[in-house]
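Trainee: need a 3D model of the sequence below.
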Amino acid sequence: MKREEFKNIKILYVEDEKFIRKNAVSYLERLFPFVYEAKDGLEALAIVDEYEPDIIITDIKMPKMTGIEFVKKLREKKINTQIIMMTAFTDTNYLISAVELGLLKYMIKPIRHNILFPVLLQCAKNIKENINSLKYITKECYYDPFNRTLIRNNKSIKVSKNELLFLDILHKNENRVVSYEEIENKIWYDSSMSEDAIRSLVRNLRKKLPDDCLINVAKVGYRIEILA
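Mentor: Have a look, this model is predicted:
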């Protein structure tokens, strides 16, 4: 049974040892609605780009890319996901490197479920506090990023998956223009974005938003105009 505390939260578990990974994923699937797994840092980066998990649990010592290297790449991309790092090591150098990455927790393996659970609750609390503010477009229309819903005149507006992704990236960058390249990478990550596709997306979303809030900047991209 999924826990209400973890509603709408996506979690990624990164571990090269298959038996440990599968056991952990089985436990996490009882708590979270969206659980992803990766066997190394490279695979994990691809999952982060595609699914944008809210929480990442990663081992340190892995083939191809260590957990430290993986998290450094995330921080270089300004990805501030809640990260729990686990290791069998208590080496001071590892600890120093981990602290510098702004981790939520550094845990020594093996990790028991009763020890991990309160850490996951803290992650969920941090996430909700960070994104719980509603994104008002006008006084009558707002986007709820945690529940991923668009509300207008106190009614939930039906929006497609791509429209939600578009709204999400616009509101995360509401103080600047979101480029066509960023939109393509976010929504059409596994295929190229055609002009017809973006026009159709914008046209359909504009029907659901207040007038004049979705602004096109010629040859650059789009931005959201906050009218509240």
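Trainee: averaged pLDDT, the helix or strand hosting residue 72. What do you get?
Mentor: Taking DSSP states H and E as the criterion, residue 72 maps to helix 67-76. The pLDDT scores in helix 67-76 average 88.
Trainee: which parts of that helix are buried?
Mentor: Across helix 67-76, burial judged by 16 or more other Cβ atoms under 10 Å covers 67-68, 70-74. Yep, even glycine has a C-beta here, placed from its N, CA and C like the rest.
Trainee: in the chain, which spans are helices?
Mentor: Assigned helices in the chain, in chain order: 18-28, 41-51, 67-76, 92-100, 113-131, 161-172, 180-187, 195-206 (criterion: DSSP state H).
Trainee: now the ones you listed in a markdown table, with distance to residue 59?
Mentor: Formatted as a markdown table, these follow (distance: least, Cβ to Cβ, whole Å):
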| stretch | distance to residue 59 |
| --- | --- |
| helix 18-28 | 8 |
| helix 41-51 | 9 |
| helix 67-76 | 5 |
| helix 92-100 | 11 |
| helix 113-131 | 14 |
| helix 161-172 | 29 |
| helix 180-187 | 27 |
| helix 195-206 | 38 |
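Trainee: how about those, which one is nearest residue 217?
Mentor: Closest to residue 217 of the helices of the chain is helix 180-187 (Cβ to Cβ; 10.0 Å).
Trainee: burial measure for residue 204, as a count.
Mentor: Neighbours of residue 204 under the rule other Cβ atoms under 10 Å: 14.
Trainee: separation between it and residue 159?
Mentor: Separation of residue 204 from residue 159 (Cβ to Cβ, to the nearest Å) stands at 9 Å.
Trainee: cool, residue 171 as well?
Mentor: 13 Å.
Trainee: report all helices and strands that the helix holding residue 72 contacts.
Mentor: helix 41-51, strand 55-59, strand 82-87, helix 92-100 (3 or more Cβ pairs under 8 Å, 6 or more residues apart in numbering; DSSP states H and E).
Trainee: any idea which of these is most buried?
Mentor: Among those, the stretch with the highest mean neighbour count (mean count of other Cβ atoms under 10 Å) is strand 55-59, at a mean of 25.
Trainee: quick check: angle from that strand to helix 18-28?
Mentor: 160 degrees (axes from the mean of the first three to the mean of the last three Cα atoms, to 10 degrees).
Trainee: returning to what we had before: ranking the helices of the chain by mean pLDDT, which is last?
Mentor: Looking at those, the weakest mean confidence is helix 92-100, a mean of 61.
Trainee: now do the same contact list for the residue nearest to the spatial centre of the chain.
Mentor: Nearest to the geometric centre of the chain sits residue 52, at 3.1 Å (Cα atoms, centre = their mean). Counting by Cβ atoms under 8 Å, 6 or more residues apart in numbering, residue 52 touches residue 10.
Trainee: again with residue 87
Mentor: 59-61, 67, 94, 106-109.
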